[in-house]
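> from the sequence below, what's the structure:
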Amino acid sequence: MEQVLQYLGRFFTQPLFTISGTAVSATSVLVFAVLTVMSIWLGRQGRRLVRQLVAGRLEATLANALDQIVNVLVIVAGLYIALRFVGIDVSGLVVLASALGVGIGFGLQNIASNLISGVIILLERPISVGDRVTVGDTIGDVSHIGLRSTEIITPDNIMIIVPNTEFVSNRVINWTRGKPQTRVRLPIGVAYGSDLDRTRQVLLGVAARQTGVLAEPAPEVWLAGFGDSSLNLELLVWVSAPNLIPRLKSQLNFAVEAALRTHRIAIPFPQREVRVVIDGTTNGSIPPTGSRSPEETSR
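Numbers count the residues shown, from 1 in each chain. Model prediction:
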């Protein structure tokens, strides 16, 4: 038994390797591992404590930034204490890290740029947790902002992890920045010759009866322009939140189509005039056909 204890004593005390002139033993490695785990655990507890202290006092994005900063500071401080406890000169490690950084810097460019972008987002707060945003082809609600990436929940309940550089270097639409009220534009084409005043009243009646459309600001109908085959109108309505837009657009499209059909207001199709030329002479033409169906035109 005494021999076993002596062997274990020699194993834990004899140097395994040397770093910057400091001998590192198994005991040093064990102490370093314990202190590192403790610093990570303390960092998590610090984040939890910060969240409890700032709950309801700061907005979600600022609270998230604060607890992440506390977590990083606690872990860095714990690692520094662990290195000093085992007798490793931190200044020597800084020189070593600088030398390694030159070699692997090119491979970590994206990670570094994402980290810097994350700090910019947390400080400037162009987006916040809960905002509905469009970045590239992705649209959804921001659920978490991290130092490297941001999590977005799409309307289909799919989580998409977007690198933070996308929010700093690209064009981003924030639908809920400031007031959450959003205006919806619904393009509608009616046939030439339609009574525009009557059409306008029909569209405003559809908007007034539609659930989810705000009474103030009031709905409007604009004449957007004159198309090749139709008078181009726009029905403009306001909603209380941007996440209501996709379903509301579908409901309005159904209601507008039914109302126009009920009031016999034609929705035109593209019209073309065909001329038949034989031996350089125009023998005849087929004029445009108003609001008949394509099948009737081809006969």
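> can you map out the strands along the protein?
Secondary structure of the chain (DSSP state E): strands at 15-19, 22-25, 132-135, 138-145, 149-153, 159-163, 172-174, 182-190, 220-226, 231-239, 274-278, 281-286.
> nearest to Asp197, of those?
strand 220-226 (10.0 Å; C-beta to C-beta). Bear in mind the C-beta positions are built from the backbone N, C-alpha and C, glycine included.
> partners of that closest one in the sheet?
If you go by DSSP bridges, strand 220-226 pairs up with strand 231-239 (antiparallel).
> tell me how far the partner strand is from the chain's mean position?
27 Å (C-alpha atoms, centre = their mean, to the nearest Å).
> follow-up on the earlier one: of all the strands of the chain, which one is nearest Val37?
Going by C-beta to C-beta, the one of the strands of the chain nearest Val37 is strand 22-25, 18.0 Å.
> dump the strands of the chain into TSV; add distance to Ile81 as well.
Putting those into TSV (distance: least, C-beta to C-beta, whole Å) gives the following:
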stretch	distance to Ile81
strand 15-19	17
strand 22-25	16
strand 132-135	40
strand 138-145	29
strand 149-153	30
strand 159-163	33
strand 172-174	40
strand 182-190	51
strand 220-226	66
strand 231-239	54
strand 274-278	86
strand 281-286	89
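> looking at these, which is closest to Glu257?
It's strand 182-190; of the strands of the chain, that one is closest to Glu257 (C-beta to C-beta) at 9.4 Å.
> least reliable of the strands of the chain by average pLDDT, please.
Lowest mean pLDDT within these: strand 281-286, at a mean of 52.
> buried residues in stretch 195-207, which are they?
Across stretch 195-207, burial judged by 16 or more other C-beta atoms under 10 Å covers 199-200, 202-204, 206-207.
> dump the residues you listed to CSV, plus pLDDT and distance to Thr150.
Formatted as CSV, the buried residues of stretch 195-207 follow (pLDDT from 0 to 100; distance: C-beta to C-beta, whole Å):
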residue, pLDDT, distance to Thr150
Thr199, 95, 44
Arg200, 94, 43
Val202, 95, 44
Leu203, 95, 39
Leu204, 94, 40
Val206, 94, 38
Ala207, 94, 35
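> distance of the closest residue in space to Ile152 that isn't next to it in sequence from Ala218?
Excluding the flanking residues, the one nearest Ile152 by C-beta to C-beta, 6 or more residues apart in numbering is Gly140, at 4.1 Å. Separation of Gly140 from Ala218 (C-beta to C-beta, to the nearest Å): 30 Å.
> Pro126 too?
32 Å.
> repeat for Arg177
24 Å.
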